[in-house]
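Visitor: Sequence and predicted structure below; questions after.
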Amino acid sequence: MPHPIRRWMLSPLLVLSATAALVGGSASAAQASTVSTTVSVSGSLNVRAGATTHSDVVGKLRNGAWVTLVCRVTGEKIRGRVRTTDQWDRTSDGRYISHAYVRGAGSLSTCPPPAAPAPTGAGPDGGMTPAQFIAAAVAPAQQGQREFQVPASVTIAQAILESGWGKSGLTRNDHNFFGIKCFNGVSGPIANGCHSYATYECEPNCLPTTATFRTYANATDSFRDHGRFLVVNDRYAPAFAYTKDADQFLYQIWKAGYATSPTYPQNVGGLMKQYNLYQYDLK
């Protein structure tokens, strides 16, 4: 019989229940496979709002404290007292602790994606909050993953970075979230046209030139074309050996020349971790 949870070990901000019935009404089917176990930590273990060290600390657990876990997600990799892992465990009240400090609990099932329906419309736009933008981007990113095997977490994070959360001119005018260009006037089978913009390729004394970018009917088509673009360009082929490893997939497309910034993998990967975008990857 599982031991009772020692409530006196927790901060006032967090009281772990033995069931998931109070998780904002979101007690899921994963509750059927809950595991009660203890944590192993020197001092205290942070309990966080998300599966990353960037998420808010909402409580603490002392060494040996009992905790009820309902499911697991992929998040930031942590080197802990028990193991090194990118697994984070969701507690019975919807919080997260790193599995790197959890004894056992190897039978946890994968958490279902949180129910976050996108606002009415065809994907994200620049008038949304970050949470709304991500929620609206999930469906088109997952559609792209189904068709072209690009991890949804990579697609969403690239869309955030390259469109400036949907506020770039390309995105506002043409639903182009990734800055994909038209080549020789050809937009491909998904885009619905091309749009030329005046630009400067150097400073301070260069003549203006034009750059021609693809236009789309909606965000879903832009996200799909992002996946197709990576598939049909042979230089990105090595990345597709890592469709189940989003971090390595991101590194491989950067290595193949997707972006010239030396910090591009860190910038995109940081967004993936900060917002736990890994949870949206199709398994």
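Guide: Sure, I can see it.
Visitor: Could you list the low-pLDDT ranges of this structure?
Guide: 1-33, 54, 113-122, 199-208 (pLDDT under 70).
Visitor: Apply 50 and report the result again.
Guide: Filtered on pLDDT under 50, the chain yields the residue ranges 1-32, 115-120.
Visitor: where do the strands sit along it?
Guide: Assigned by DSSP state E, the strands in the chain fall at 35-38, 44-48, 57-62, 66-79, 84-91, 96-98, 193-199, 209-215.
Visitor: Who are the packing partners of the longest one?
Guide: Put plainly, it is strand 66-79. strand 35-38, strand 84-91, strand 96-98 (3 or more C-beta pairs under 8 Å, 6 or more residues apart in numbering; DSSP states H and E). Where C-beta positions appear, they are placed from N, C-alpha and C, glycine not excepted.
Visitor: Which one of the ones you listed lies nearest to His175?
Guide: His175 sits nearest to strand 84-91 of all the helices and strands packed on strand 66-79, at 32.9 Å, using C-beta to C-beta.
Visitor: then that closest one to CSV, C-alphas only?
Guide: The C-alpha trace of strand 84-91 is given here as CSV (Å, rounded to 0.1, in the frame of the first residue of the first chain):
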residue,chain,number,x,y,z
THR,A,84,20.7,12.1,-16.1
THR,A,85,17.5,12.4,-18.2
ASP,A,86,15.2,14.8,-20.1
GLN,A,87,12.1,13.2,-18.6
TRP,A,88,10.0,15.3,-16.3
ASP,A,89,7.2,13.8,-14.2
ARG,A,90,3.8,15.4,-13.8
THR,A,91,2.5,15.4,-10.2
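Visitor: Indicate each strand paired with it and its parallel or antiparallel sense.
Guide: strand 66-79 (antiparallel), strand 96-98 (antiparallel) (DSSP bridges).
Visitor: just to revisit the earlier point, deepest of the helices and strands packed on strand 66-79, which one?
Guide: Comparing those by mean neighbour count (mean count of other C-beta atoms under 10 Å), strand 96-98 comes out on top with a mean of 26.
Visitor: Give the closest residue to Leu250 in space, chain neighbours not counted.
Guide: Sequence neighbours aside, Val154 is the residue nearest to Leu250 in space, at 5.1 Å (criterion: C-beta to C-beta, 6 or more residues apart in numbering).
Visitor: Could you report the neighbour count for that neighbour?
Guide: Each residue near Val154 was counted by other C-beta atoms under 10 Å, and the total is 29.
Visitor: Make sure it is actually in contact with Val268.
Guide: Yes - at 7.1 Å, Val154 counts as touching Val268 under the criterion of C-beta atoms under 8 Å.
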